[in-house]
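Visitor: sequence and computational prediction follow.
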Amino acid sequence: MEPTAGSDVVWRPSAEYAERSRLAGFLRAHGVPSLAELVRRARDDPEWYWEAVERHLGVRWTRRYDGVLDLSRGIPWASWFPGGLLNYAENCLDRNLDAGRAAQTAVIAEGDDGTVRKLTYAELAAEVGRLANGLRRLGVGRGDRVGIFLPMSAETAVALLAVARLGAIGVPCFSGFGPQAIAARLRDSEAKALVTVDGFHRRGQLVRSKETADEAVAASPSVERVVVWRRLGREVPWSAARDVAWDELVAAEPEACPAEPLEADHPLFILYTSGTTGRPKGAVLSHAGFLVKAASDFAFCHDVGERDRVFWVTDLGWLMGPMVISASLFHGGTAVLFDGVPDHPGPDRLWALVERHRIDVLGISPTVVRALMPHGPGPVRAHDVSSLRIVASTGEPWNPEPYRCSSSTSAPVASRSSTTRAGPRSRAASSAASRSRRSRRAASPGRSPGWRWRCSTPTAARFAERSGSSRSRRPGPA
């Protein structure tokens with residue numbers, strides 16, 4: 001879609017389109033006349049804003065909090081939703097089951113070879129319950145760190161939710177990492193267990209994940225057990241005293257596993273920086289903070305709601321991996337996961353995914369678009385991408401060329417910024433409530449909070465006072 005002559009406006013929502021957006025619904029529900037007024041009010045009164053957000057979105061609490069924000073220890077140690085108890089996994093699963101979505105598709109996972117696995121909410125809950133019970137039998141419990149070294153698959157969502165259900169702390173690892181990078185994260189977090197896979201294919205080539213995991217664990221003395229998903233059924237090195245097959249671990253376990261009620265700021269997982277400029281640094285993300293922020297960003301920035309199918313070109317080891325799983329499930333939608341690459345076996349693979357799974361919201365970076373641009377518009381035009389409502393983006397600015405290229409989908413681009421350290425800050429409050437412009441970045445609601453840079457050294461799991469980390473000057477749910 002080309003810009004209007006003499007204007008940088010590429011797409012403008014109709015009044016009806018804007019009124020249907022989730023952000024517009026939030027404004028109406030709280031009697032706020034405009035986005036500008038919401039920004040002002042959220043900036044001046046963040047406690048009002050975040051309580052209004054979590055109530056509007058329907059966060060489930062085992063026990064409601066006593067207050068929204070406690071700054072008695074100072075901004076670096078801000079406490080959000082003190083006194084409240086909840087569990088991230090319960091919000092992603094049990095809420096949907098209770099809302100009658102048991103038979104609705106929760107996860108669609110497509111492999112590099114084109115195989116597709118789907119799980120309904122009922123099936124996902126059963127898989128999560130069995131794995132959580134199995135991990136508990138291995139000695140994993142509240143506060144224990146568990147590495148997750150898996151490609152983007154249905155099992156990845158199961159592992160993330162099972163660890164959280166126990167109150168253990170996930171340590172996501174990029175599926176393409178080598179043993180040294182994984183070991184650095186396992187050692188720093190003092191992980192007790194690791195969940196991995198025997199291998200998978202990427203660009204048609206075998207990725208020997210189990211061998212990589214073995215090397216990493218050999219350099220990580222805290223790891224006691226390794227759970228192996230036998231995806232390919234290939235022969236791999238095996239330590240009988242340490243390794244356990246996922247299918248054998250869960251075979252006799254019951255499907256039901258009550259979610260552990262946890263303090264609002266109980267750690268959900270530790271997400272590490274890439275380490276390209278030095279030692280990887282771990283940011284601790286909490287059950288309430290991560291849930292509320294991810295849910296609000298996807299609702300108000302990307303207009304994600306019930307039954308929406310959301311796909312992001314990412315990996316569990318990067319921020320958007322856990323976010324797309326979390327937000328899609330929280331909102332009663334479908335998380336579409338893919339462990340291949342956008343241009344294999346051909347340059348139309350990404351658009352074939354959109355057509356095949358009728359994706360509503362596609363998350364993609366300008367870098368990926370630039371990589372696909374040499375192939376021209378043919379790969380897009382070869383597929384029916386009419387299901388797309390929004391092309392979402394994060395992490396880097398757009399320049400005109402990839403922006404125009406993405407406009408060939410006829411869906412607006414909603415871009416928001418993000419870093420592992422500080423979490424996301426919306427760059428476009430909602431493409432459905434503001435004009436989309438080339439390189440335009442609309443103001444976000446007030447102190448749009450991310451997650452505090454709470455800890456990294458000497459051990460990321462030690463997130464209390466002794467952690468030697470830099471901290472945000474503006475508090476936000478963390």
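Guide: Ah, there it is.
Visitor: hang on, isn't Tyr403 packed against Trp11?
Guide: No. Between Tyr403 and Trp11 there is no contact, the gap being 10.5 Å when judged by Cβ atoms under 8 Å. Yep, even glycine has a C-beta here, placed from its N, CA and C like the rest.
Visitor: counting neighbours, go ahead and name the busier of these two.
Guide: The residue with more neighbours, out of Tyr403 and Trp11, is Tyr403; 23 against 16, by other Cβ atoms under 10 Å.
Visitor: how about the more buried one, phi and psi?
Guide: Note on Tyr403: its backbone torsions stand at phi -60, psi -50 [degrees, to the nearest 10].
Visitor: kindly provide the distance from it to Val413.
Guide: For Tyr403, the distance to Val413 equals 6 Å [Cβ to Cβ, to the nearest Å].
Visitor: from Val171, how far off is Arg137?
Guide: In this structure, Arg137 lies at 20 Å from Val171, with Cβ to Cβ as the measure.
Visitor: those two: who's more crowded?
Guide: A direct count of neighbours by other Cβ under 10 Å for Arg137 and Val171 places Val171 higher, at 29 against 13.
Visitor: tell me the average confidence for the helix or strand encompassing that one?
Guide: Taking DSSP states H and E as the criterion, Val171 maps to strand 169-172. Strand 169-172 shows a mean pLDDT of 98.
Visitor: mind giving me the packing neighbours of it?
Guide: If you count contacts as 3 or more Cβ pairs under 8 Å, 6 or more residues apart in numbering; DSSP states H and E, strand 169-172 packs onto strand 145-148, helix 154-166, helix 179-189, strand 267-272, helix 320-330.
Visitor: how far does the first one sit from the chain's center?
Guide: This points to strand 145-148. Between the centre of strand 145-148 and the centre of its host chain there is 16 Å, according to Cα atoms, centre = their mean, to the nearest Å.
Visitor: please apply the same query to the last one.
Guide: When distances are taken as Cα atoms, centre = their mean, helix 320-330 is centred 4 Å away from the chain's centroid.
Visitor: kindly report the same for the longest one.
Guide: The gap between the average C-alpha position of helix 154-166 and the chain average comes to 12 Å, counting by Cα atoms, centre = their mean.
Visitor: I'd say Thr61 and Gly84 touch.
Guide: Careful, residue 61 is Trp and not Thr. Yes. If you go by Cβ under 8 Å, Trp61 and Gly84 touch, sitting 5.6 Å apart.
Visitor: more neighbours: which of these two?
Guide: Each of Trp61 and Gly84 had its neighbours counted (other Cβ under 10 Å), and the higher figure belongs to Gly84 (23 against 17).
Visitor: quick one: the more buried one from Leu69, how far?
Guide: Distance of Gly84 to Leu69, given as Cβ to Cβ: 12 Å.
Visitor: how about Ala15?
Guide: Shown here: Ala15 relative to Leu69, a distance of 36 Å by Cβ to Cβ.
Visitor: the two: which is more packed in?
Guide: Looking at Ala15 and Leu69 with other Cβ under 10 Å, you find the greater number of neighbours at Leu69, namely 17 against 8.
Visitor: how about the closest residue to that one other than its chain neighbours, phi and psi?
Guide: Closest residue to Leu69 in three dimensions, ignoring its sequence neighbours and counting by Cβ to Cβ, 6 or more residues apart in numbering: Glu47, at 5.0 Å. With angles defined as degrees, to the nearest 10, Glu47 sits at phi -60, psi -40.
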